[in-house]
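S.K.: need a 3D model of the following:
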Amino acid sequence: MRAIQLAAGILISIVCVLLSLVDIAPRDLLRPGPLGHAIQGIPDTLVGIRVALAHANWGGFFAVCVLTVVAFWMRAIRWRLFIKDSRRIHTSNLFSATMIGFMANNVLPFRLGEFVRPWALARSEKLPNSMLLATVVVERAIDMLTLLAIFGVALVLHPIAQNTDAGKLVQRGALLMIGLSVALVVFVVAAERNRGLALGLLRVVPAGARPRAERLLDRFLDGFSLFRDPLRLVHVFALSFGMFLMFAVALGITGWSLHIDLPWYSGLVMLVITAIGIMVPAAPGYVGTMNYACKVGLSLFGVSVAAASAYSWFYFLSQWIPVTAIGLFYLHREGLSLKSLGQAHDSTT
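M.R.: Numbers count the residues shown, from 1 in each chain. Now for the predicted structure:
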């Protein structure tokens, strides 16, 4: 099953890379005429990408790398607010676990980093892994709620026609985010506020294993404590908007670095569209899905396929290189290896 999932993700990435290089809509993929004609234009697109990158402002690339690291630092700081009784947790360990986790997403399949992050922090801070895994669930709900708010602002600044590829992508992605956000929030609030009912569901567990299962579930529910503290929740959303603003500014600088004329708010629009794009299963590092999302988003501003493709690779590398390099540094410092990260998934299954 996992081999099939990996193959499907790689296939999706390949298709999305192809789509990012041609002036063709997904619905036309199975039409031999348009697809064959579009593929013939790929060499010209590749030349355009090379020219655009050759004339890029690489000082802007460095700036985007720095903003990326700052955004992940803010994510690490925010993580502390999700953790019950978190005063003793060292910021350096929060940042280390965050970077190791997202590095794992960049180089390993199945988005293993979602399990690696809590496992790495549990290992360094001697905290319950089950409780930290719950904080990742809460984090994703907060991320989607924040992005939905930014999505509303982006639509006010730049309305998106529903009959365009961008409009269809955003509409489907927004519906998915709304559905997931509502489901996660309802699950988190219901489970945290009805702890007795949640624990009661363990009656189906054999009596001998029930005490351990109850302890694990109780620790897991501790990870949802954020929703009982309104002041802490406000602080979390403030950091969330700040973090995503860093990414929006980075996207704006990417366009400036490649001499693409874009409106000042383009970063907000691109933030929403790229966030929706990388929700699709893909190869490690979101290769392909990120590229296609950039092409679709930039088409709203009349940007050519070649320029959009250059933009996507410029931004992709400015994210992938610092996150992967810093994550590998912390991985080595912790005395771990990429192979050892498989323990993170095994510890939750």
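S.K.: now do the SS call for I89.
M.R.: Three-state call for I89 (DSSP: H, G, I helix; E, B strand; the rest coil): coil.
S.K.: which residues sit in contact with I150?
M.R.: I150 is in contact with F241, F244, A248, L268, L271, V272, counting by Cβ atoms under 8 Å, 6 or more residues apart in numbering. Every residue, glycine included, has its C-beta placed from N, CA and C.
S.K.: can you go through these and name the buried ones?
M.R.: Buried subset of the contacts of I150 (neighbour count, 16 or more other Cβ atoms under 10 Å): F244, A248, L268, L271, V272.
S.K.: I figured L81 hits F237, correct?
M.R.: No: counting by Cβ atoms under 8 Å, L81 does not reach F237; the two are 10.1 Å apart.
S.K.: these two: which has the busier surroundings?
M.R.: L81 (18 against 14; other Cβ atoms under 10 Å).
S.K.: that one: what's it in contact with?
M.R.: L226, R232, H235, V236, L239.
S.K.: residues near the first one, how many?
M.R.: This means L226. By other Cβ under 10 Å, 23 other residues sit near L226.
S.K.: burial count for H55?
M.R.: 11.
S.K.: next, the closest residue to it other than its chain neighbours: phi, psi?
M.R.: Distances taken as Cβ to Cβ, 6 or more residues apart in numbering put H259 closest to H55, at 6.7 Å, once the chain neighbours are dropped. H259 has phi and psi values of phi 60, psi 40 when expressed as degrees, to the nearest 10.
S.K.: before we move on, what about the one 5 residues further on?
M.R.: As for W264, its main-chain torsions (degrees, to the nearest 10) stand at phi -60, psi -30.
S.K.: which non-adjacent residue is nearest it?
M.R.: Distances taken as Cβ to Cβ, 6+ apart place G252 nearest to W264, at 7.2 Å, with adjacent residues excluded.
S.K.: give me every residue that touches the one you found.
M.R.: Neighbour list for G252: L262, W264, S266, G267 [criterion: Cβ under 8 Å, 6+ apart].
S.K.: in this protein, what helix or strand scores lowest on average pLDDT?
M.R.: Counting by mean pLDDT, DSSP states H and E, the chain has its least confident helix or strand at helix 32-40, which shows a mean of 59.
S.K.: next structured bit after that helix?
M.R.: Next in sequence after helix 32-40, counting helices and strands by DSSP states H and E, comes helix 42-54.
S.K.: the helix or strand following that following helix to helix 42-54, inter-axis angle?
M.R.: Scanning forward in sequence from helix 42-54 by DSSP H and E, the next helix or strand is helix 58-82. Following axes from the mean of the first three to the mean of the last three Cα atoms, to 10 degrees, one obtains 90 degrees for the angle between helix 58-82 and helix 42-54.
S.K.: pull out the buried residues from helix 58-82.
M.R.: Buried residues in helix 58-82, counted by 16+ other Cβ under 10 Å: 60-61, 63-65, 67-82.
S.K.: tell me how far the ends of stretch 158-170 are from each other?
M.R.: One end of stretch 158-170 sits 13 Å from the other (Cα to Cα, to the nearest Å).
S.K.: just use 237 as the starting number from now, easier for me
M.R.: Sure, I'll start counting at 237 from here, so that last one is stretch 394-406.
S.K.: can you give the distance of it from its chain's centre?
M.R.: 21 Å (Cα atoms, centre = their mean, to the nearest Å).
S.K.: now do the same contact list for F550.
M.R.: By Cβ under 8 Å, 6+ apart, F550 lies in contact with L289, A292, F297, V300, T490, S493, L494.
S.K.: what's the answer for A546, then?
M.R.: G284, I285, A288, L289, A292, L494.
S.K.: using PDB, write out every CA atom in stretch 283-299.
M.R.: Provided in PDB are the C-alpha atoms of stretch 283-299 (Å, rounded to 0.1, in the frame of the first residue of the first chain):
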ATOM      1  CA  VAL A 283      15.200  28.700 -22.300                       C
ATOM      2  CA  GLY A 284      12.900  31.300 -20.800                       C
ATOM      3  CA  ILE A 285      13.500  29.900 -17.300                       C
ATOM      4  CA  ARG A 286      17.200  29.900 -17.800                       C
ATOM      5  CA  VAL A 287      17.200  33.500 -18.900                       C
ATOM      6  CA  ALA A 288      15.000  34.600 -16.100                       C
ATOM      7  CA  LEU A 289      17.200  32.900 -13.500                       C
ATOM      8  CA  ALA A 290      20.400  34.200 -15.000                       C
ATOM      9  CA  HIS A 291      19.100  37.800 -14.600                       C
ATOM     10  CA  ALA A 292      17.600  37.200 -11.200                       C
ATOM     11  CA  ASN A 293      18.600  39.300  -8.200                       C
ATOM     12  CA  TRP A 294      20.200  36.700  -6.000                       C
ATOM     13  CA  GLY A 295      20.300  39.100  -3.000                       C
ATOM     14  CA  GLY A 296      16.500  38.600  -3.100                       C
ATOM     15  CA  PHE A 297      17.100  34.900  -2.900                       C
ATOM     16  CA  PHE A 298      19.100  35.300   0.200                       C
ATOM     17  CA  ALA A 299      16.400  37.600   1.700                       C
END
